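Q: Quick one: sequence plus predicted model below, questions after.
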Amino acid sequence: THPSVSTAALLVAAASGGGLVAYADSAGENASSEPSQEAPRKKKVVVLGTGWAGTSFLKDLDCSKYEVKVISPRNYFAFTPLLPSVTCGTVEARSIVEPIRKMLEKKRKDVTFYEAECFKIDASKKAVHCRSAVGTNFDGNGDFMVDYDYLVVALGATVNTFNTPGVMENCYFLKEVEDAQKIRRNVIDCFEKASLPNISEEEKRKILHFVIIGGGPTGVEFAAEMHDFLVEDLVKLYPAIQDFVKITIIQSGEHILNMFDQRIATFAEIKFQRDGIEVNTGFRVVKVSDDLITMKSKSLGEVSVPYGMAVWSAGVGTRPVIMDFMQQIGQTNRRVLATNEWLRVHECDSIYAIGDCASITQRKIMDDISTVFKMADKDNSGTLTLKEINDVIEDICIRYPQVELYMKSMHMLDIRDLIKDAIGDSHKESMVVDIEEFKKALSHVDSQVKSVPATAQVAFISICKRSLARVNILRFLKLCQVAAQQGHYLAECFNKMDQCKEHPEGPLRMTGTGSGRHNFRPFRYKHLGQFAPLGGEQAAAELPGDWVSMGHSTQWLWYSVYASKQVSWRTRMLVVSDWTRRFIFGRDSSRI
Ligand code: FAD
């Protein structure tokens, strides 16, 4: 039997000879309200999503302590950082996915997986409504409901077109494995089409114009992959049309890779210029028709360019189920779920949110800053020296990596400068700053940082709005690290939950209500660096300690890191053998 599927489901299952876990929605709702005969022995944990956050939670969770149900429309985990490599056949799609049931094999007795999409979270009934991803049950209805004691929401994010007309209909996206496969087929289609005898030169140029909208890491990596595919493989296979190929990146900001160190952005721009990849910065795409991309810049106004294939990698948005849930719990006007530092959704006792669909709410920043500040003001004088302020800021930066991230994405030198600016004429070491003034300065910083999500899926920063620069800081290693680190952290908390029943979130050191040792520390993100592969066996990396590395040797570092980060030995072997195959035989250009 299935303890978390309610009685009605079990009756249906029994009537149909067992094995059936789906039932009609309404029946499910009625059924779930019936009192259960026996109190469940273990608490029910439902995990929504099998991406970075969900799988990292599951891997580290001691499943023997809970009855765990996992729900996701995809029965595999995809190693998203290698998706751009799938678009040109550098690695195969199957090499970067790991079946979720395989990952859960060791925990199988304790974990159940449903391949289904959650379409509603009902916090009042402690249940999630799901729809089968593989078809319908005998009623012709694939909907069912699963109840929970604890819900872990790890639903990730979706694409965001910012309502730009024509994007949904005419652009390709690079979010899922299927997207990468579609791109791969279409790239080959473009080359085959342009090789047909009745195509004029002008049409060839149009068909072979590959446009990438968004100069963040994904767009840049895709452009680099395309370029490598072209010069290493396609020129040999399609020599007659090689001169018609063009790759363009359209970026609304001043630079591509603008969340990276300036040296990396410059290196990438120079390399792309050398490779013949056109980089149009300062342009915002306003419309995409089936054959023209219209973009706008301050200096040139509206410009339209013909294209053969467009890939949109300019924004990340909220999944409908998250939007619906945020409305239910009054978190409107937000892009992601707000959690506290223990990753629990505000106002929801038993719901946790991790990864791209969540962020540690910014309003906590000010409370905590005040507490850090009071702690620094040891003599209760109400004033701090600049040295003490610097210490406070160090602490804030460690606790809130998004503050630093924000500063970096804005190319600001240092958070200290912003605060000093806000305080006014106080940049002398000896200057003693009034606490209240300092707080005011911090709220100025806070208001600027407010729109930066803590897990940093996408920063659609307020300043960027003004400058029309859409900064996509989703895509990088450190951000997967956020999702993975949050999953790991939450699993540790769940594993210790028994010992900490009294304080499921641990004594709150920072809010001053607790004393003594912590059971749970608040979640803290550890930044481990980020990579930008730039093609031609070159990459750039920002490593811990502000160390920047660029060139061929960094590409080898990238190979080692990405091979070591694979989730299983199977995928590790497959990825490495794909790389080797590509080195020896080149990429496969068959359109299958
Ligand atoms: P996801 O990994 O997106 O997982 C979401 C899960 O929820 C999926 O299993 C999905 O099937 C499931 N789901 C969706 N809807 C439902 C539903 N209704 N019901 C149930 N389940 C649902 N980060 C890096 O750090 N480095 C990189 O190099 C990098 N490169 C990237 C390249 C690309 C092309 C992309 C798209 C992303 C890249 N990222 C990279 C970002 C990284 O993938 C994300 O930050 C990370 O995946 C977030 O993890 P998550 O678990 O929150 O979401």
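A: Structure's in. What do you need? Numbers count the residues shown, from 1 in each chain.
Q: Only C-alpha atoms from now on, for both contacts and neighbour counts.
A: Noted.
Q: Is stretch 51-60 positioned near the ligand?
A: Yes. Applying Cα under 6 Å from any ligand atom, one finds stretch 51-60 touching the ligand at 51-54.
Q: Can you tell me which of these is nearest Tyr562?
A: Nearest to Tyr562 among these: Trp52, at 14.5 Å, using Cα to Cα.
Q: and the one residue in the stretch 101-250 of the chain that gets nearest to the ligand, how many neighbours does it have?
A: Nearest residue of the stretch 101-250 of the chain to the ligand, counting by Cα to the nearest ligand atom: Gly156, 3.2 Å away. Gly156 is flanked by 26 other residues according to other Cα atoms under 10 Å.
Q: quick thing: my sequence starts at 392, can you match it?
A: Shifting the count to begin at 392 puts that one at Gly547.
Q: helix or strand for it, which one?
A: Per DSSP states H and E, Gly547 falls between elements, in no helix or strand.
Q: List the contacts of it.
A: Neighbouring residues of Gly547 by Cα atoms under 8 Å, 6 or more residues apart in numbering: 440, 442, 710, 746-748.
Q: how about those, which pair is most distant?
A: Gly442 and Arg710 (14.1 Å).
Q: More neighbours: which of the two?
A: Set side by side, Gly442 and Arg710 show more neighbours around Gly442, with 25 against 18, by other Cα under 10 Å.
Q: what residues are up against the more buried one?
A: By Cα under 8 Å, 6+ apart, the contact set of Gly442 is 468-469, 545-547.
Q: For ChimeraX, what selects the buried ones among those residues?
A: A single ChimeraX command is used to select the members of the contacts of Gly442 judged buried by 16 or more other Cα atoms under 10 Å:
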select :468,469,545,546,547
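Q: Let's have the contacts of Gly442 in TSV, adding pLDDT.
A: Below are the contacts of Gly442 laid out as TSV (pLDDT from 0 to 100):
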residue	pLDDT
Phe468	95
Ala469	95
Ala545	97
Leu546	96
Gly547	94
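Q: Tell me which residue in the stretch 642-791 of the chain sits closest to the ligand.
A: Nearest to the ligand in the stretch 642-791 of the chain, going by Cα to the nearest ligand atom, is Gly746, at a distance of 3.3 Å.
Q: Now that residue, what are its backbone angles?
A: When read as degrees, to the nearest 10, the backbone of Gly746 gives phi 80, psi -150.
Q: do the same with Gly721
A: phi 80, psi 20.
Q: How confident was the prediction at it?
A: For Gly721, the pLDDT comes out at 88.
Q: same thing with the one 5 residues further on?
A: At Arg726, the pLDDT value in this model is 80.
Q: That one touches Arg710, doesn't it?
A: No. Arg726 lies out of contact with Arg710 (Cα atoms under 8 Å); the separation is 9.2 Å.
Q: hmm, back to that, what about the contacts of Gly547, which are in helices?
A: Among the contacts of Gly547, no member is found in helices (DSSP state H).
Q: tell me which parts of the stretch 392-541 of the chain are close to the ligand?
A: Contact residues, the stretch 392-541 of the chain versus the ligand (Cα under 6 Å from any ligand atom): 439-445, 462-465, 471-472, 474-475, 508-510.
Q: again, but for the stretch 692-841 of the chain
A: So the stretch 692-841 of the chain meets the ligand at 746-748 (Cα under 6 Å from any ligand atom).
Q: mind running it again at 5 Å?
A: Residues of the stretch 692-841 of the chain lying close to the ligand (Cα under 5 Å from any ligand atom) are 746-747.
Q: So, low pLDDT: which residues of the stretch 692-841 of the chain?
A: Applying pLDDT under 70 to the stretch 692-841 of the chain flags the ranges 752-768, 773-781, 783-841.
Q: tell me what the lengthiest strand in the chain is packed against?
A: Criterion DSSP state E: the longest strand present in the chain is strand 502-513. For strand 502-513, the elements it packs on are strand 457-463, strand 518-523, helix 711-719, judged by 3 or more Cα pairs under 8 Å, 6 or more residues apart in numbering; DSSP states H and E.
Q: Identify each buried residue in it, please.
A: Under the neighbour-count criterion of 16+ other Cα under 10 Å, strand 502-513 has 502-512 buried.
Q: Give me the next element, helix or strand, following the worst-scoring helix or strand of the chain on mean pLDDT.
A: Sorting the helices and strands of the chain by mean pLDDT, DSSP states H and E puts helix 853-858 at the bottom, at a mean of 30. The C-terminal neighbour of helix 853-858 among helices and strands, as given by DSSP H and E, is helix 868-886.
Q: Please work out the average pLDDT along that next one.
A: For helix 868-886, mean pLDDT rounds to 78.
Q: likewise stretch 496-507?
A: Per-residue pLDDT over stretch 496-507 has a mean of 83.
Q: Only alpha carbons, please: show it as CSV.
A: Output in CSV follows, covering the C-alpha atoms of stretch 496-507 (Å, rounded to 0.1, in the frame of the first residue of the first chain):
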residue,chain,number,x,y,z
GLU,A,496,18.1,3.0,-6.3
LYS,A,497,19.9,2.7,-3.0
LYS,A,498,17.1,4.4,-1.2
ARG,A,499,14.4,2.7,-3.2
LYS,A,500,12.5,1.1,-0.3
ASP,A,501,12.0,4.4,1.2
VAL,A,502,11.4,6.6,-1.8
THR,A,503,8.6,6.7,-4.3
PHE,A,504,8.8,8.5,-7.6
TYR,A,505,5.9,9.8,-9.7
GLU,A,506,6.5,11.1,-13.1
ALA,A,507,4.0,13.9,-12.9
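Q: which other residues reach it?
A: With Cα under 8 Å, 6+ apart, stretch 496-507 has contacts from 454-455, 457-466, 492, 495, 521-525.
Q: OK, contacts around Glu928?
A: By Cα under 8 Å, 6+ apart, the contact set of Glu928 is 942-943, 946.
Q: Just the element for Ile640, please.
A: For Ile640, the host element (DSSP H and E) is strand 637-642.
Q: For that strand, C-alpha coordinates in PDB please.
A: What follows is strand 637-642, C-alpha atoms only, in PDB (Å, rounded to 0.1, in the frame of the first residue of the first chain):
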ATOM      1  CA  LYS A 637      27.200  34.400 -39.500                       C
ATOM      2  CA  ILE A 638      26.800  34.200 -35.700                       C
ATOM      3  CA  THR A 639      25.500  37.300 -33.800                       C
ATOM      4  CA  ILE A 640      25.000  37.900 -30.100                       C
ATOM      5  CA  ILE A 641      22.600  40.600 -29.100                       C
ATOM      6  CA  GLN A 642      23.200  41.900 -25.600                       C
END
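Q: That one packs against which elements?
A: Packing partners of strand 637-642 (3+ Cα pairs under 8 Å, 6+ apart): strand 600-604, helix 608-620, strand 668-672, strand 674-679.
Q: ok, now how distant is Gly605 from Ser680?
A: According to Cα to Cα, to the nearest Å, Gly605 stands 17 Å off from Ser680.
Q: Which of the two has more residues huddled nearby?
A: Gly605 (28 against 16).
Q: so that one sits right up against Ile640, yeah?
A: Yes. The criterion here is Cα under 8 Å, and Gly605 meets it with Ile640 at 6.8 Å.
Q: Fine, thanks again, bye for now.
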